[in-house]
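Predicted model and sequence below, questions to follow.
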Amino acid sequence: MMSPRTRKNILVAALVLIAIALCLVFPRMRMFSRIFMREFRFLWWLLLLAGVAIYFAVIRGRRGKP
């Protein structure tokens, strides 16, 4: 039986491998990831703000249910 932590680590590793495989197979995916990383340098605060907003929405949603 796998622990939830092991299952999570396997899922993260699989997602990283899939992203790398897509970049190798499709050149446009590589170009997209390069552009995304360049724009991420300037817009990291916006992504962080969106992530925090989603996190608090989920936490508040769980507390509101009986």
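Cool, the structure landed.

Please state the offset of the helix or strand bottoming out on mean pLDDT in the chain from the chain centre?
Sorting the helices and strands of the chain by mean pLDDT, DSSP states H and E puts helix 27-64 at the bottom, at a mean of 81. In terms of C-alpha atoms, centre = their mean, to the nearest Å, the centre of helix 27-64 is found 8 Å from the chain centre.

Run through the residues that contact L15.
Contacts of L15 were listed using C-beta atoms under 8 Å, 6 or more residues apart in numbering, and none were found. C-beta coordinates here come from the backbone N, C-alpha and C atoms, glycine included.

does it sit in a helix, a strand or a coil?
The three-state label given to L15 by DSSP: H, G, I helix; E, B strand; the rest coil is helix.

per-residue pLDDT, it?
On the pLDDT scale, L15 is placed at 93.

got it, and M1?
Reported pLDDT for M1: 76.
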